[in-house]
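J.: next comes the sequence, and after it the predicted model I'd like to discuss.
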Amino acid sequence: MAQRRSFQQSPDRSQFGANGDQSVKLNIKKIEDSIANASSNLREYKKEIECLRQDIAMMDNHLQTLNDENIKVINPLVVSNFDHLTSQIQMQKNENDHMQKQLTELKKEKSLMQQQIMQASQKIALLEDSVGL
C-alpha cells in the first residue's frame with residue numbers, strides 16, 4: 001500500500017499583492033536602519049576607545065614623571081645614607097681593631113704580671129726557707 005504524498009503548491013505572489021512588497025520593503029528598511037544605528041554606535045565606541053587610550057597614555061606619562069621626580073629626590077638621600085652607613089661601619093671597624101689591640105696588650109701585661117707574681121712567690125718561698133719559717 002503505497003502512500004501518496006500530496007504537496008501543496010507554493011502560494012501565488014499575486015495573493016500578497018502590494019502588502020507583501022511593502023512588508024519586505026519595510027523589513028529591509030528596518031534592517032538598513034539597524035545597520036546604520038550599529039555603524040553609528042561602532043563609530044562612537046571607536047571614538048571612546050581612542051579617548052580612553054589617550055587618557056591611559058596621559059596617566060602613564062604622569063606616573064612616569066612622578067616616578068622620575070621621586071627618583072631624583074630619593075636617590076640623593078639613599079646615597080647620603082649609604083655613605084653615612086659606610087663611614088660608620090669603617091669607624092666601628094677601626095674601633096674594633098683598636099679595642100682588639102688593647103685587649104691583646106692587656107693579656108700580655110696580665111701574663112707578664114702573673115709571671116712576676118710566680119717569680120716573687122718563689123723568691124718569698126726561698127727567703128722563708130733560708131730564714132727558717
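T.: Structure received.
J.: centre-most residue in the chain?
T.: Closest to where the C-alpha atoms of the chain average out (C-alpha atoms, centre = their mean) is residue 67, at 13.2 Å.
J.: what's the helix or strand for that residue?
T.: helix 13-131 (DSSP states H and E).
J.: and that helix, how far from the chain's centre?
T.: In terms of C-alpha atoms, centre = their mean, to the nearest Å, the gap separating the centre of helix 13-131 from the centre of its chain is 7 Å.
J.: now do that helix, average pLDDT.
T.: Helix 13-131 shows a mean pLDDT of 93.
J.: one step back: look up how far residue 61 lies from the residue nearest to the centre of the chain.
T.: Distance, residue 67 to residue 61, by C-beta to C-beta, to the nearest Å: 11 Å. Any C-beta I mention is one placed from the backbone N, CA and C, and that applies to glycine too.
J.: swap in residue 49?
T.: In terms of C-beta to C-beta, residue 49 sits 19 Å off from residue 61.
J.: go on, residue 118?
T.: Distance of residue 118 to residue 61, computed by C-beta to C-beta: 84 Å.
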